[in-house]
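Peer 1: Fold the following for me, if possible:
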Amino acid sequence: MRIGRVVAGTMALAAATIMATSESAAASVTPRIGSDHTYSGRQNTPSVPLHKGIGVAQHQYRIAVYTGKKDGAGTDANVYITINGTRGSVGPIRLDNSENNFERGKTDRFTLGLRDVGRITSIKISHDNSGKKPGWYLNKVTIDVNAKFSCYRWLAKDEDDHRTWVKLPRDRHH
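Peer 2: Numbering: from 1, shown residues only. Next up is the predicted model:
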């Protein structure tokens with residue numbers, strides 16, 4: 001069984017390969033892996049080929065993270081997401097690329113090829129409190145076109161409940 005766990009862990013790591021674009025720099029992004037993939041009519045989002053796991057159903061998740069417009073809302077910290085669904089969970093997975101992500105008033109878009117978790121029920125989003133300005137005001141997260149997770153709160157050691165993470169249930173009307 002130990003070998004099985006190592007292989008499963010390696011497959012999960014490979015499946016969590018991320019390519020992303022920031023809405024603020026979408027026009028200047030050149031795909032590094034895979035081919036170009038249209039996220040919306042305006043965005044060219046590089047995509048990563050889905051991991052070909054043995055017997056593992058794959059799904060290409062399109063994630064949009066909306067940072068608030070409050071003063072100091074952006075973060076320099078590393079941001080992570082865990083996706084929970086009716087068939088299990090994946091994560092935490094770092095949301096990152098070569099762009100300056102999670103800036104005040106910006107929307108960052110990511111495409112992840114991951115194990116299919118079924119109907120998404122909740123997410124956990126967090127940051128590691130690193131960087132010069134780690135506090136972050138998160139408005140919402142959307143996954144694909146039909147799963148929305150409202151937050152509208154600070155994830156910061158010096159704001160609200162002093163937590164740098166939050167578990168968000170799927171909005172009822174989505």
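Peer 1: C-alpha only now, for contacts and for neighbours.
Peer 2: Noted.
Peer 1: What is the least confident helix or strand in this structure?
Peer 2: Least confident helix or strand of the chain, by mean pLDDT, DSSP states H and E, is strand 36-38 with a mean of 31.
Peer 1: Give me the below-cutoff pLDDT ranges for this structure.
Peer 2: Scanning the chain with the threshold set as pLDDT under 70 gives 1-56, 174.
Peer 1: Now do the helices in it.
Peer 2: Under the criterion DSSP state H, helices of the chain are mapped to 2-15.
Peer 1: What segments of it are strands?
Peer 2: Ranges of strands in the chain, per DSSP state E, are 18-22, 36-38, 44-46, 58-67, 79-85, 88-95, 107-115, 120-127, 136-143, 147-155, 165-169.
Peer 1: and those as a markdown table, adding distance to Ala73?
Peer 2: Shown next, in a markdown table, are the strands of the chain (distance: least, Cα to Cα, whole Å):
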| stretch | distance to Ala73 |
| --- | --- |
| strand 18-22 | 16 |
| strand 36-38 | 28 |
| strand 44-46 | 24 |
| strand 58-67 | 7 |
| strand 79-85 | 14 |
| strand 88-95 | 17 |
| strand 107-115 | 12 |
| strand 120-127 | 13 |
| strand 136-143 | 5 |
| strand 147-155 | 8 |
| strand 165-169 | 15 |
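Peer 1: Need the winner for burial among those strands.
Peer 2: Most buried of the strands of the chain, by mean neighbour count (mean count of other Cα atoms under 10 Å): strand 18-22, with a mean of 25.
Peer 1: Isn't Val79 up against Asn129?
Peer 2: No: judged on Cα atoms under 8 Å, Val79 makes no contact with Asn129 at a distance of 9.0 Å.
Peer 1: residues in contact with Lys148?
Peer 2: Lys140, Val141, Thr142, Arg170, Asp171, His174 (Cα atoms under 8 Å, 6 or more residues apart in numbering).
Peer 1: farthest pair in the residues you listed?
Peer 2: Lys140 and His174 (13.0 Å; Cα to Cα).
Peer 1: got a list of contacts for stretch 125-139?
Peer 2: Taking Cα under 8 Å, 6+ apart as the rule, stretch 125-139 contacts 65-68, 70, 72-82, 150-159, 164-168.
Peer 1: In CSV, list the C-alpha atoms belonging to that stretch.
Peer 2: Extracted in CSV, the C-alpha atoms of stretch 125-139 (Å, rounded to 0.1, in the frame of the first residue of the first chain):
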residue,chain,number,x,y,z
ILE,A,125,-9.2,29.7,0.3
SER,A,126,-6.2,30.8,2.3
HIS,A,127,-2.9,32.6,2.2
ASP,A,128,0.4,32.0,4.0
ASN,A,129,0.7,35.6,5.4
SER,A,130,3.9,36.1,3.5
GLY,A,131,5.2,39.3,1.8
LYS,A,132,5.2,42.9,2.7
LYS,A,133,1.4,43.3,2.6
PRO,A,134,-0.2,39.9,3.3
GLY,A,135,-3.7,41.1,4.3
TRP,A,136,-6.2,40.5,1.6
TYR,A,137,-9.9,41.5,1.0
LEU,A,138,-11.5,38.8,-1.0
ASN,A,139,-14.9,39.5,-2.7
